[in-house]
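In: Got a predicted structure here, sequence first:
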Amino acid sequence: MRGIFDQCLAGTGSIGSTISASGRAGEKIFTKDLCRFLNRVLVVKKSEVVGDRCLRLVDGFVKNLVEGNKKKKARPKEKEKDADGDVEMGEEEEEEEEIIDTSATRIVLRILKYVVGFLGSKERSVRYRTTQFLALLLVNSLPTFPFQSWKVALSIFRQLLADLTERLHDKEAIVRVQAAIGLVRLLDMGVTPASDAENSDDEEEPELVTILQEVMANDPSSDVRRTILHNMAATPTTLPYLLERSRDVDPATRRAVFNHLLPSIGDFRQLSIVMRERLLRYGLNDRDESVRKAARQMFNYKWIDDTEGDILEVLERLDITSEAIEGGPKYLALKGLWEHRKDVLNDIQFPDEFWDSLTPEGAFLARSFNDYCRNTSPQEAKNLDIDERMPEVTKLAQHLQRYLNKLVMLLREEDEDEAANVEFIVLQLLLIAQTMDYGDEIGRRRMFALMRECLSIVELSEPVTKLMVQGLRKLCTSESDFCLLILEAISAIQDSIIGEEEEEDIGDGEDSFHSARSEAREELDTITVTPIPQQVTRGEPTSKKQKIEPSKKRRRESDDEGEDADTMDFDGEEDEEAANLLKELTVNLRCLHIARCMLENVDGGLTSNAHLVTMLNGLVVPAVRSHDALVRERGLGCLGLCCLLDQTLAEENLVLFAHCFNKGHEKLQVEALQIISDLLLVHGSALFESDKRTIEQRHLYRMLAKATKMDGNEDVQATAVEVICKLMLGQVIKDEDLLKVLVTAYFDPATARNQSLRQTLSYFLPVFCHSAPANALMMANIAVTELHTLIVLRSSFDEGEDEDMVSLNTIAAHLVEWTDPRKTAPAAEKDWTTHAIVARDALERICVNGCTKDERKLLVTGLISKCCLSKDAGKDLLKEVYENVVQAIEAKVIKEALGKNALSKVEVTVGKLLAEIQQEEGGDETVLPAADGDEEEGGEEEEEEEDVDMTVIPEKAAEEPEAEVEPEPEDDDRTPVVTEAEDEDDDE
């Protein structure tokens, strides 16, 4: 080959005479020698750059070969044109068939056929270099290779497709990356398997597309997923799967969606509204700052430029009316726009015409701009001159009144679509009103009167009502006036719905609620909701207290006349009765909602505010006793907020919330758990120390543990776990049994599908253990017992049922990490006893007769050998560890060499630590405690230890009896559970 190259360079002779062969024989010789040199390159490791250079050289040669063949193919066409410049179709087809089979195409096919055979090699380097070479050819040299009309070429390319598809499942990620590149190029070239060609259907996507989509979603290597994302073409079929990578676990892959995929698509208006919403939500809320930055760049520049700077058009392409009041992805997008596009911020204006014809997008834009200007730095706010751009309070009240009137009219006409848009505008105006400066007394009074009047409108939705209550709290001068105003609004709502026929029964008081009790809900009536004594409300008119009671008259009449109703056949009266009951339910729910909004905006004490006491006794307490599920649920929430304001009330009604959890439906259980959590966080453990307590602490802990095991109700289970985590992080609960329950729930495969629970625990467990030494010590005390519990749990599953459970080695690694004193927060004082406690308990466990061989191996290799032991753990604790490890070695509980070496290292390490401690105390340097039963020979053994290297384990004589090991108490092997009998006691 070298001689041939020399002669070619010198220009002497012809190729045929030089190699003594011409035509196809010469092609075969050349291809054979080229493949022989390729053999040397394919074995080069990935780290060698020379392998990449050689493959690129061959790729360049093949590319020139194919391009040269195209030029030769084009020349005859120009020469064979007739006088008119036309070429006959039949002649073109015959010529194309002749030109396909050329020396260049034959050489390429021979190279491909030869190299494909190495894709299944056992050597990793060969597989990698082969797939790399094929990917280079398909990307650079063969995109336009004519294989469709040539059976030989088609069969070779189909074989290449099949072999590269197999490499997608290679154990090496670098091989899968190159295989993915090659397959994407084959897909672009139109290569399909023989099965797809036989069953071709334009509506069905190729099988290769499905395979690549599955690999892109499930491959464990982020490089493979990102490679497919970069190379696969965005079509209507593949685009949803490509956009799913915005939720990838790898930040670089998520960032590639915004930096590479979306710019390649073009105008963002080609995406659907759902796709745009997801991109904003996922990108702007990403945990990685680089991904958030890429998402902001996409919105601030790409999307805004696509609409030529029209922000309202961008917002029109999004579902603005679905945005949450608290602020969602669209709100974050506009906030980033104001922060990074100062040119847009300085140029935007809101003239009077803008406010007269508001749209949901315009109102949202104005609210976002107002919030940014109000919350920015004082210097920037002064430059922006927000007061000049936004309307004054009086004009804002006029705009708000106009849109409120329009909203009420649309609601009464039942025009839901238009009402939703106007309601969104009203919400944005109310949010703007909360940030206004009410120094103008005229404007303040106008806004105050408007909100006070509109609060009594029954047709308004709960979000609008909530914002009005918040606005009134800001406009009222005192908390007492605010509460009085809300009570008057509640009375006005009842008067407008109930009518004059209800006034004659206003003085019935709580009797109207007593009749609403149901025999089926008799257990709820046994719980006493203690009203605040009435003398606290001295000075308050009695009529106001009576008016804020929910109406139950019609329900009582329906119960009293139930027997007579069966004999009546007047459909009109029955329909009217049902309508009245529904109307009363609506009244009660709205009044309770307003009361809850009021309680959320109150900070003072309960007993010091007479209006709050009136509302509690007249509205909340009867609602809790109601047998309507919705009324009872809302009443329970209001009662919980009242308990936050008064500790005595919380102590008396804590048992009620526990009872609602035990006997209520799923939603009521979630509400009860959240209330209990808030009460304990506000009032602390003092609720269990008072003489007025109505529930014992252990009963509440059992209830929480029971809730974490409710696999059938994922919401209740996740809420219970969240409650326990909050209370333990707040140091309100310090209970090892509850911590065991959380660890078990984290690794239990039954909770694998409860992602909310898993996410809560994945954050809580490391933060809890590393935030304070006392927490890590609590985890260390339960580590060995909990590991045994999980071993028993795993062994209880049949084959295949434990697929969702991580390996036991992984569990042990988590326990070691959570108890590692080196990972304690820098601000906290480190406690070096945690790992020593884990090692001591694990050594005690392996000496128990009931400990299996696999468990011993796991404890030694997974826990004991990974513990970080320090002399700061204390002399007494280290002595216990040393005695236990000596006992384990002498009892020969571990048979494997790996376990023996691990125990030997622990013995040597602890022995040295004890010697250092003894030396610091001024005593003998070699203090090695003797094992039990060897007191008489202790002196001789100490002398032998001085002469023997500490790394050698002394063997006991054959006649020496083995040390007896006391069996571990059975309680250590049991998982702390709440028995059914105990649950029944709690219910009682």
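Out: Nice, I can see it.

In: contacts for stretch 698-715?
Out: Applying C-beta atoms under 8 Å, 6 or more residues apart in numbering, the contact partners of stretch 698-715 are 654, 658, 661-662, 666, 669-670, 673, 676, 688, 716-717, 719-721, 723-724, 733, 735, 737-738, 741-742, 745, 750-751, 753-754, 756-757, 976-978, 982-983, 985-986. For every residue, glycine as well, the C-beta is placed using N, CA and C.

In: got the buried residues for that stretch?
Out: 699-710, 713-715 (16 or more other C-beta atoms under 10 Å).

In: just to revisit the earlier point, buried subset of the contacts of stretch 698-715?
Out: Neighbour counting with 16+ other C-beta under 10 Å marks 654, 658, 661, 669-670, 673, 676, 688, 716-717, 719-721, 723-724, 733, 735, 738, 741-742, 745, 751, 754, 757, 976-978, 986 as buried within these.

In: Out of those residues, name the ones that lie in helices.
Out: The helices, defined by DSSP state H, take in 654, 658, 661, 669-670, 673, 676, 688, 716-717, 719-721, 723-724, 738, 741-742, 745, 757, 986 from the buried ones among the contacts of stretch 698-715.

In: helix or strand for the residue most central in space within the chain, which one?
Out: Taking C-alpha atoms, centre = their mean, the centroid of the chain lies closest to Gln759, which sits 6.2 Å from it. Following DSSP states H and E, one finds Gln759 within helix 755-771.

In: Rounded mean pLDDT for that helix, please.
Out: If you average the pLDDT over helix 755-771, you get 93.

In: Tell me the helix or strand right after that helix.
Out: Elements were assigned by DSSP H and E; along the chain past helix 755-771, the next helix or strand is helix 773-795.

In: which other helices and strands contact that following helix?
Out: For helix 773-795, the contact count by 3 or more C-beta pairs under 8 Å, 6 or more residues apart in numbering; DSSP states H and E identifies helix 736-747, helix 755-771, helix 808-818, helix 833-846, helix 853-858 as packing neighbours.

In: right, so the ones you listed: which one is the most enclosed?
Out: Scoring the helices and strands packed on helix 773-795 by mean neighbour count under mean count of other C-beta atoms under 10 Å gives helix 833-846 as the most buried, with a mean of 26.

In: so how far is Val602 from Tyr114?
Out: Tyr114 sits 83 Å away from Val602, going by C-beta to C-beta, to the nearest Å.

In: Over to Leu619?
Out: Noted for Leu619: a distance of 15 Å to Val602, by C-beta to C-beta.

In: Who has more neighbours out of those two?
Out: When Leu619 and Val602 are compared for neighbours, Leu619 comes out ahead with 24 against 20, by other C-beta atoms under 10 Å.

In: Glu361 versus that one, what's the distance?
Out: 40 Å.

In: Next, count neighbours for Thr607.
Out: If we define neighbours as other C-beta under 10 Å, then Thr607 has 15 of them.

In: Any stretches of the stretch 101-250 of the chain with poor pLDDT?
Out: Along the stretch 101-250 of the chain, the parts satisfying pLDDT under 70 run over 149, 195-205.

In: Also the stretch 751-900 of the chain?
Out: 800-802, 827-828.

In: hmm, 80 instead?
Out: Counting by pLDDT under 80, the stretch 751-900 of the chain shows low-confidence ranges at 797-804, 826-830.

In: helix, strand or coil for Ile325?
Out: coil (DSSP: H, G, I helix; E, B strand; the rest coil).

In: Pull the contacting residues for it.
Out: Taking C-beta under 8 Å, 6+ apart, we find Ile325 in contact with 427, 431, 463, 467.

In: Could you measure from it over to Asp495?
Out: Distance from Ile325 to Asp495, by C-beta to C-beta: 29 Å.

In: Equivalent analysis for Asp356, please.
Out: 35 Å.

In: Next: Leu212.
Out: Relative to Asp495, Leu212 is positioned 67 Å away (C-beta to C-beta).

In: and those two? which has more neighbours close in?
Out: Leu212 (22 against 16).

In: Verify the stated contact: the more buried one with Leu229.
Out: No - using C-beta atoms under 8 Å as the test, Leu212 is too far from Leu229 to be in contact (10.3 Å).

In: so who does Leu154 touch?
Out: Taking C-beta under 8 Å, 6+ apart, we find Leu154 in contact with 147-148.

In: in the helix or strand Glu214 falls within, what counts as buried?
Out: Here Glu214 sits within helix 207-218, counting by DSSP H and E. For helix 207-218, the neighbour count (16+ other C-beta under 10 Å) marks 208-209, 211-213, 215-216 as buried.

In: from the chain's centre, how far out does that helix sit?
Out: Chain-centre distance of helix 207-218: 24 Å, with C-alpha atoms, centre = their mean, to the nearest Å.

In: same thing with stretch 883-901?
Out: 44 Å.

In: Do you have the helices of the stretch 201-350 of the chain handy? List them.
Out: Per DSSP state H, counting those that start in this stretch, the stretch 201-350 of the chain has helices spanning 207-218, 222-231, 239-243, 251-256, 262-265, 273-284, 289-297, 304-306, 311-316, 329-340, 342-347. These are given in chain order.
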